[in-house]
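> sequence and predicted structure, then a few things I'm wondering about:
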Amino acid sequence: MTRFSPLLVVAAALVDRDGRVLLQQRPPGKPMAELWEFPGGKVEPDETPEAALVRELEEELGIRTHRSCLAPATFASETLGDRHLLLLLYVCRKWEGVPQARHATALTWVRPAQMYALPMPPADLPLIGLLDAML
Ligand SMILES: Nc1nc2c([nH]c(=O)n2[C@@H]2O[C@H](COP(=O)(O)OP(=O)(O)OP(=O)(O)O)[C@@H](O)[C@H]2O)c(=O)[nH]1
C-alpha cells in the first residue's frame, strides 16, 4: 500500500479594517524566492495546525494571536517536487502588535483582487478568487 505523507503547511490571511490582506515576499536563496506568500509555515510533529500558525506568526511577524482568532477559510492541494503540499489557510482579523518582516524581504497589504498582479506560489493561485469572494 502506498503511504501518503503530505507536507502540512498552515498560513494566515491577516485582514485589516480596510479588507486588505498581508502578504510577505520570500527571501532570495530559498525555493520560490521573491514570490509573495501568506505568512505561515510547516506544522511540526505533535503540534496542532492552530498552534503552529500562532507560533509562525510570532516568529515571522512578531505578532501575537490566539487560536480562537483563526477562522478556517480554505485549503490548497498541490504537488511540490517530490512532496504533496496541503496548505490550510485561515482568516485572522485580530492580533496584537504591528507585523514586521523578520524573515521576509518585504511585507505588503493588498486587496485580494490585487494579488493577481503579484507573483505567488502556484498553490496560492486558486485561493485568490476564494478570498476575493469571502472578504
Ligand atoms: N507560508 C507559506 N508557505 C507556502 C505558501 N504557498 C506555498 O506553496 N508555500 C510553501 O509551503 C512551504 C512552507 O514551509 P516553510 O515556510 O516552513 O518553508 P520555507 O521553505 O520557507 O522554510 P524552511 O524549509 O527553511 O523552513 C514552502 O515549501 C512554501 O513554498 C504560502 O502562501 N505561505
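Received, thanks.

> ok, and what's touching stretch 48-63?
8, 10-12, 14, 22, 24, 39-44, 47, 64-67, 70, 88, 90, 92, 95-104, 107 (Cβ atoms under 8 Å, 6 or more residues apart in numbering). All C-beta atoms are positioned from the backbone trio N, CA, C, and that covers glycine.

> now do 6 Å
Outside stretch 48-63, the residues that touch it by Cβ atoms under 6 Å, 6 or more residues apart in numbering are 10, 12, 39-41, 43, 65, 67, 70, 88, 95, 97, 99-100, 102-103.

> mind listing the strands for this structure?
With DSSP state E as the criterion, the chain has strands at 7-14, 21-25, 36-37, 40-42, 70-80, 83-92, 107-110.

> how far off centre is the second one?
It refers to strand 21-25. Mean-position distance between strand 21-25 and its chain equals 8 Å (Cα atoms, centre = their mean, to the nearest Å).

> so which elements touch that strand?
Counting contacts by 3 or more Cβ pairs under 6 Å, 6 or more residues apart in numbering; DSSP states H and E, strand 21-25 is packed against strand 107-110.

> quick one: residue 110 from the ligand, how far?
13 Å (Cβ to the nearest ligand atom, to the nearest Å).

> same question for residue 57.
Applying Cβ to the nearest ligand atom to residue 57 and the ligand gives a distance of 10 Å.

> okay, now that residue: neighbour count?
Look at residue 57: counted by other Cβ atoms under 10 Å, it has 27 neighbours.

> equivalent analysis for the one 4 residues further on, please.
Counted with other Cβ under 10 Å, residues neighbouring residue 61 total 24.

> for the ligand, what are the nearby residues on this protein?
Residues of the chain found near the ligand (Cβ under 6 Å from any ligand atom) are 9, 11, 30-32, 37-38, 40-42, 80, 85, 87, 121, 123-124.

> which ChimeraX command selects the buried ones in those?
Filtering those down to the buried ones (16 or more other Cβ atoms under 10 Å) takes a single ChimeraX command:
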select :9,11,37,38,40,41,80,85,87,121,123,124
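
> of the residues of the chain next to the ligand, which is the nearest to residue 113?
residue 124 (14.4 Å; Cβ to Cβ).
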